[in-house]
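1. Could you work out the structure for the sequence below:
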Amino acid sequence: MKKIQTTVLGLTALLLLTVTTVFAQKAPAKSTLNTISIDKKGGIHDHGGTLLGQIGKDDIVRDNKGKTIYFIDKNGNVIDAKGKKLGMAKKNGFYFNNAGETILTVKDKSSEECEILDPKGHNVGTTHKNYKLHACAAHCLFLAKESTSRPVH
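-> Numbers count the residues shown, from 1 in each chain. Have a look, this model is predicted:
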């Protein structure tokens, strides 16, 4: 009788462990939830694929409602819709605020894509190689989407 009870208890424990393992779901990595991507057509998307904005051929970045967010002038200055200088975008993908502090950098990921990195080296998104200059778009649009109280730049 004791052998049957031990066997039943063991099978119950095994079944419980199996069910728990089968139905356990891994939570998405936090870094994945906070990423932005810029595709080869200049579309700026959040981690879920929602279009947040678009980079135009004229280097003007607009949100998904067509409102101008910023543009980059011929000297690399990032200017918002009201004419205020937000920072400086370099052709290598580095973005600096007005105090000269590095806000974002890019690093080649493949022949077509680059990773967008914050100052600590954390991946905040990806950009098509043709839009390295606009890596700051990811930063601006993500912060606008999150409506955070942190300063944008």
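2. quick one: least confident helix or strand in this protein?
-> helix 30-33 (a mean of 49; mean pLDDT, DSSP states H and E).
3. For stretch 62-79, measure first residue to last.
-> 12 Å (C-alpha to C-alpha, to the nearest Å).
4. in it, what counts as buried?
-> 62-63, 69-72, 78-79 (16 or more other C-beta atoms under 10 Å). Glycine gets a C-beta too; all of them are placed from N, C-alpha and C.
5. what sits up against that stretch?
-> Where contact means C-beta atoms under 8 Å, 6 or more residues apart in numbering, the residues beyond stretch 62-79 that reach it are 51-54, 56, 58-61, 80-81, 85-91, 95, 133-134, 136-137, 140-141, 144.
6. And the helices in this protein, which stretches?
-> Defined through DSSP state H, the helices belonging to the chain, from first to last, are 2-23, 30-33, 135-146.
7. per-residue confidence averaged over the longest one?
-> When pLDDT is averaged over helix 2-23, the result is 61.
8. With stretch 104-112 instead?
-> Mean per-residue pLDDT for stretch 104-112: 91.
9. Over to stretch 73-87?
-> For stretch 73-87, the per-residue pLDDT values average out at 91.
10. tell me how far the ends of that stretch are from each other?
-> 11 Å.
11. same deal with stretch 117-129?
-> With C-alpha to C-alpha applied, stretch 117-129 spans 14 Å between its terminal residues.
12. Check what contacts it and list those residues.
-> Outside of stretch 117-129, the residues within contact range by C-beta under 8 Å, 6+ apart are 31, 34-40, 93, 101-109, 111-116, 134-135, 138-139, 142.
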